[in-house]
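**Q** Sequence first, predicted model second:
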Amino acid sequence: PVDAKEELLDECDSLWKQIEEHQSKLMLLGAETLSPSDAKLSLLMLQWKALAVESHQWQAKNPEIISTNPDVLLELGKEELQKAKKDLEMMLSAVRSRNKNLEEALKREQQWYEEQKQMLDTLYETEDEENIPAEQRSTKSDLKSEILKLRTFKKELLSALGSFLDEHFPHPEKGENTKNKNSSAEPAVELKTLKEILEHVMNKSFTTPCQPYVTINESFWPPYIELLLRYGIALRHPQDPKRIRLQAFHQ
């Protein structure tokens, strides 16, 4: 409010005039001529006395209310709250920044811990291998060698099987696909080769052995399905003829 602001300005002017009067009195007290050698010492003594008097006055003075006007007090309270809010926001920002730095430091420490733990586990494994008798170490080495040979043989066998299927069971002829196009308004589905059908069935058997059946769709060429069923490579579902699975040769 304008009245409250004017009242506060008047009180400030009154206090400022009092300060100027006290300052002029101090200047008069210090206007005596001094010798150059004692000027600095005298000035320091005057400053010390002034500070001592001011300190004594502040200690003996009771706190006074600046104004009794409620509007003035309300505005002053708002200013103090805004200042406190700003200080708290700055403190919150500093705390968040510190927490972020601590989180990054914690992640680095955790990463370092995992690396050290992994290194320690490796050392323990190496120590255990050194403590194994020579015969067992030789047996373990032989097993690793056999496993590598089996993996190599598996790759060669799959490669040979793929080459055999590509050569003797190629992709269904385009003529069959052309017939499907002429007999249906919808675009024909690209047919799978026998190799692709076998891969699909085998992957299903290994990934989900509890549900090994594959649903036959339009991309499965019927002659290839009949070939797999006739020679016992695949089996139909006992209740759903549109589903087949790989024969369980390992059982």
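**A** Perfect, thanks for sending it.
**Q** all contacts plus neighbour counts: C-alpha atoms, from now on.
**A** OK.
**Q** Would you confirm that residue 218 contacts residue 225?
**A** No - Residue 218 lies out of contact with residue 225 (C-alpha atoms under 8 Å); the separation is 11.5 Å.
**Q** what about these two, which has more around it?
**A** Between residue 218 and residue 225, counting by other C-alpha atoms under 10 Å, residue 225 is the more crowded of the two (19 against 11).
**Q** Quick check: that one vs residue 233, distance?
**A** 10 Å (C-alpha to C-alpha, to the nearest Å).
**Q** Could you do residue 116 as well?
**A** Applying C-alpha to C-alpha to residue 116 and residue 233 gives a distance of 51 Å.
**Q** More neighbours: those two, which one.
**A** In terms of neighbours (other C-alpha under 10 Å), residue 233 is the more surrounded of residue 116 and residue 233; the figures are 15 against 12.
**Q** residue contacts, the nearest residue to residue 236 once chain neighbours are set aside?
**A** In this structure, residue 236 finds its nearest non-sequential neighbour in residue 244, 4.4 Å apart by C-alpha to C-alpha, 6 or more residues apart in numbering. Taking C-alpha atoms under 8 Å, 6 or more residues apart in numbering, we find residue 244 in contact with 213, 214, 215, 216, 234, 235, 236, 237.
**Q** Turn the residues you listed into CSV, columns for distance to residue 71, pLDDT and neighbour count.
**A** Output for those, formatted as CSV (distance: C-alpha to C-alpha, whole Å; pLDDT from 0 to 100; neighbours: other C-alpha atoms under 10 Å):
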residue, distance to residue 71, pLDDT, neighbour count
213, 84, 91, 21
214, 84, 91, 19
215, 83, 91, 13
216, 86, 90, 15
234, 94, 89, 21
235, 93, 89, 19
236, 92, 91, 17
237, 90, 89, 14
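**Q** Next step: those restricted to strands.
**A** In this view, these that belong to strands under DSSP state E are 214, 215, 234, 235, 236.
**Q** and which of those is nearest to residue 162?
**A** Lowest distance from residue 162 to the ones in strands among the contacts of residue 244 (C-alpha to C-alpha) belongs to residue 234, with 17.7 Å.
**Q** hmm, back to that, in a markdown table: the ones in strands among the contacts of residue 244, plus distance to residue 197.
**A** Listed next are these as a markdown table, based on distance: C-alpha to C-alpha, whole Å:
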| residue | distance to residue 197 |
| --- | --- |
| 214 | 10 |
| 215 | 11 |
| 234 | 11 |
| 235 | 13 |
| 236 | 14 |
